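> Whatever this is, show me its structure:
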Amino acid sequence: MASRHSIVGLPTELIQHILSFLPDATSLLSMILTCPSVYNAFIKVEVLITSQVVRNLVGPEVLPEAVAALTSSLLAPWERESMQTFVDDQLLSRQEPPRSWTLSKALALNHLHYHVEYFALSFGSHALAKLLAAGDVNDMLARSPTPSELHRIQRVLYRFEIYCNLFRGRKPAVFDIDEHRGVFFSKFAPWENEQLGCISDYLAHNVSPAFNEIADHDVAWGSAGIEDAFDLDSRRIQHTLSLGLAYLYKIVVAETYNERYKLLYNLYPKYLVDGFLYEGLSLANEPADALELAEYDQDDEKEFDRRYSPFVRELDLGPIQAWRWAHQHETRATFVYASPQSALREQGYVFWDLSRLEAWPAFQSPWEPPDTTAADNERISYRASLAMRDKCIRRAQIYGLGGRGWWSPDDESKVVYPPGVSAPERKTGIGKTSQKAAEDFQHRVANGIERPAWQNWVPRAPTGHR
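Take a look at the predicted model:
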């Protein structure tokens with residue numbers, strides 16, 4: 001109370017000066033709502049104070065991308081002409097951000113930047129841990145992400161949000177997937193698109209555990225044969241990514257099974273995107289020219305510089321040097337999002353400053369793609385495992401009787417049935433007839449051919465499981 005009274009007694013100009021030093025728009029809103037005198041001091045110079053607070057929140061290194069992402073979220077109508085206008089205005093070249101901000105727009109930017117900051121710190125720490133786990137560690141390599149590295153990550157997270165706003169699943173699609181290169185990816189250099197690939201993979205891996213938990217335990221998902229999302233091209237994971245950073249944040253920070261269930265459970269999503277960013281990145285390359293990067297002569301390098309001008313011009317050469325190091329034996333058909341570089345993307349290799357890369361022992365030698373045969377075989381083996389099929393068949397039997405809720409092979413007590421219905425008999429073996437019937441039912445449900453008899457009974461999220 002004393003602190004509130006102390007600011008109330010200050011001259012108007014001093015109150016305004018204090019407000020302009022606040023770190024974000026949410027703090028500004030809280031402050032101006034404390035009492036009429038603070039509000040009146042603010043409202044006299046709202047734009048001046050708010051504009052300074054926006055600059056406090058988002059530095060000049062990132063603000064152009066933040067403005068572009070916010071603008072893309074406000075596009076209306078979602079038609080080809082308006083979206084192309086946005087691309088022409090914001091993606092042909094990096095734009096100067098507006099100097100004047102209203103409080104309402106600043107609050108919208110504040111909401112988006114909160115999630116960008118969260119994922120930037122999370123990705124930076126995750127990628128650095130992967131980098132350190134891959135080889136010898138020294139002090140220069142192990143230091144925390146630098147401001148320039150974090151700014152780089154934030155810019156790409158905003159670019160991810162722009163991609164979501166432009167290309168998330170809408171029917172009919174405004175742009176076909178094979179148009180994304182011309183509309184979006186061609187505006188960025190290969191290493192900038194590779195940065196987006198790093199973020200895409202990271203976010204997919206980040207939300208997959210929550211998805212897989214429901215795939216393992218939900219009766220309805222199991223009955224439809226929805227398996228764990230091991231692969232980055234999973235349509236359901238790509239659909240989830242398309243919902244944007246704010247929704248992904250809710251999934252990642254959800255603490256209980258119930259919370260994750262409410263966010264992810266949708267047996268038949270209205271719009272399942274076809275590939276989304278995974279496929280877009282896979283199609284971001286140009287046709288093969290049969291010339292590896294290592295074979296470029298002086299004229300080829302000049303053409304490379306002309307063709308692949310970066311969207312963000314940086315003094316630090318870390319990202320482009322890292323990209324060139326890992327693509328010496330690639331043609332332009334595999335400059336972006338190629339499979340051999342997947343482990344490097346997990347290490348965030350195109351985000352690091354050159355000083356960090358020069359302290360990385362692996363960077364001192366020619367890059368060799370790792371052997372992923374063992375990991376690929378393990379994934380294939382799991383997909384084909386009888387145990388996974390059996391779990392889906394059992395849940396199809398339960399679903400056919402109206403059972404819903406949380407299930408595990410060792411605990412069916414949490415499944416809820418309609419009144420008067422009991423659990424189907426659990427058999428020690430699977431007979432050919434019962435297995436065939438369950439598989440047929442599973443096929444019909446998965447393909448929308450048949451809905452169960454209890455289709456009007458809506459299950460609640462299961463309780464008691466974190």
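
> mind giving me the domain ranges of this protein?
Domain assignment for the chain by automatic domain parsing gives 2-57, 59-384, 385-446.

> I'd like those domains as JSON lines, with mean neighbour count appended.
Quick note: C-beta positions are derived from backbone N, CA and C, even for glycine. Putting these into JSON lines (neighbours: other Cβ atoms under 10 Å) gives the following:
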{"stretch": "domain 2-57", "mean neighbour count": "16"}
{"stretch": "domain 59-384", "mean neighbour count": "17"}
{"stretch": "domain 385-446", "mean neighbour count": "16"}
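
> secondary structure element for the closest residue in space to Val156 that isn't next to it in sequence?
Leaving aside its sequence neighbours, Val156 sits nearest to Gln195 (Cβ to Cβ, 6 or more residues apart in numbering; 4.6 Å). In the assignment (DSSP states H and E), Gln195 maps to helix 190-217.

> Measure how far that helix is from the centre of its chain, please.
With Cα atoms, centre = their mean, to the nearest Å as the basis, helix 190-217 stands 6 Å off its chain's centre.

> so after that helix, what's the next helix or strand?
Next along the chain after helix 190-217, taking DSSP H and E as the criterion, comes helix 219-223.

> and that next one, what does it pack onto?
helix 190-217, helix 386-400, helix 432-446 (3 or more Cβ pairs under 8 Å, 6 or more residues apart in numbering; DSSP states H and E).

> Could you tell me the least trusted of the ones you listed?
The weakest mean pLDDT among these belongs to helix 432-446, with a mean of 49.

> Sticking with Tyr278, tell me its helix or strand.
helix 276-282.

> For that helix, enumerate the helices and strands it packs against.
helix 147-167, helix 190-217, helix 235-241.

> out of those helices, nearest to Leu277?
Of all these, helix 190-217 sits nearest to Leu277, with 4.8 Å by Cβ to Cβ.

> just to revisit the earlier point, state the distance from the residue nearest to Val156 to Thr240.
21 Å (Cβ to Cβ, to the nearest Å).

> Just to check, Phe160 is in contact with Asp201?
No. Phe160 lies out of contact with Asp201 (Cβ atoms under 8 Å); the separation is 11.4 Å.

> For the one helix or strand Ser37 maps to, name the packing helices and strands.
If you go by DSSP H and E, Ser37 is part of helix 36-44. On a contact count with 3+ Cβ pairs under 8 Å, 6+ apart, helix 36-44 meets helix 2-8, helix 12-19, helix 25-32.

> Who are the packing partners of the second one?
Applying 3+ Cβ pairs under 8 Å, 6+ apart, we find helix 12-19 packed against helix 25-32, helix 36-44, helix 46-57.

> Mind putting those into JSON lines with distance to Phe123?
Converted to JSON lines, these look like this (distance: least, Cβ to Cβ, whole Å):
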{"stretch": "helix 25-32", "distance to Phe123": "23"}
{"stretch": "helix 36-44", "distance to Phe123": "35"}
{"stretch": "helix 46-57", "distance to Phe123": "20"}
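
> Including distance to Ser208 and mean pLDDT, could these go into JSON lines?
Formatted as JSON lines, those follow (distance: least, Cβ to Cβ, whole Å; pLDDT from 0 to 100):
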{"stretch": "helix 25-32", "distance to Ser208": "31", "mean pLDDT": "97"}
{"stretch": "helix 36-44", "distance to Ser208": "44", "mean pLDDT": "96"}
{"stretch": "helix 46-57", "distance to Ser208": "31", "mean pLDDT": "98"}
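
> Could I get the average pLDDT for the helix or strand containing Val87?
Per DSSP H and E, Val87 falls inside helix 80-90. Averaged across helix 80-90, pLDDT comes to 94.

> Determine which residue lies closest to the centroid of this protein.
Leu203 (3.9 Å; Cα atoms, centre = their mean).

> Next one: it from Leu241, what distance?
From Leu203 to Leu241 the distance is 6 Å (Cβ to Cβ).

> what is in contact with these two at once?
Leu248 (Cβ atoms under 8 Å, 6 or more residues apart in numbering).

> Could you report the pLDDT at the nearest residue in space to Ala41 that is not next to it in sequence?
Counting by Cβ to Cβ, 6+ apart, Ala41 lies nearest to Ile15, which is 4.1 Å off, once chain neighbours are set aside. Ile15 carries a pLDDT value of 96.

> measure Glu368 to Val174 for me?
Distance from Glu368 to Val174, by Cβ to Cβ: 42 Å.

> next one: Leu283
The spacing between Leu283 and Val174, counted by Cβ to Cβ, is 16 Å.

> Looking at the helices and strands packed on helix 276-282, spot the one closest to Arg345.
Going by Cβ to Cβ, the one of the helices and strands packed on helix 276-282 nearest Arg345 is helix 190-217, 4.4 Å.

> so where's the stretch 251-400 of the chain uncertain?
267-274, 375, 377, 379-388 (pLDDT under 70).

> Helices of that one, residue ranges please.
257-264, 276-282, 298-307, 318-326, 342-346, 354-358, 373-383, 386-400 (DSSP state H, counting those that start in this stretch).

> closest one to Pro77 among the ones you listed?
That would be helix 276-282 among the helices of the stretch 251-400 of the chain, by Cβ to Cβ, at 21.4 Å.

> give the contact list for the spatially closest residue to Gly275 that is not a sequence neighbour.
Among residues not flanking Gly275 along the chain, Ile177 sits closest, at 5.7 Å (Cβ to Cβ, 6+ apart). Shown in contact with Ile177 (Cβ under 8 Å, 6+ apart): 274-275, 279-280, 283.

> Closest to Ala76 out of these?
Ranked by distance to Ala76 (Cβ to Cβ), these are led by Gly280 at 23.0 Å.

> could you say which helix or strand contains the residue lying closest to the closest one once chain neighbours are set aside?
Excluding the flanking residues, the one nearest Gly280 by Cβ to Cβ, 6+ apart is His180, at 4.3 Å. In the assignment (DSSP H and E), His180 maps to helix 180-183.

> so what does that helix touch, helix or strand wise?
helix 80-90.

> Which residues does the helix it packs on contact?
68, 71-72, 75-76, 95, 162, 166, 174-175, 183-184, 187.

> Just put these in JSON lines and tack on distance to Ala127.
Compiled in JSON lines, the contacts of helix 80-90 are given as follows (distance: Cβ to Cβ, whole Å):
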{"residue": "Ala68", "distance to Ala127": "24"}
{"residue": "Thr71", "distance to Ala127": "28"}
{"residue": "Ser72", "distance to Ala127": "26"}
{"residue": "Leu75", "distance to Ala127": "31"}
{"residue": "Ala76", "distance to Ala127": "36"}
{"residue": "Gln95", "distance to Ala127": "28"}
{"residue": "Ile162", "distance to Ala127": "21"}
{"residue": "Leu166", "distance to Ala127": "26"}
{"residue": "Val174", "distance to Ala127": "33"}
{"residue": "Phe175", "distance to Ala127": "30"}
{"residue": "Val183", "distance to Ala127": "28"}
{"residue": "Phe184", "distance to Ala127": "23"}
{"residue": "Lys187", "distance to Ala127": "24"}
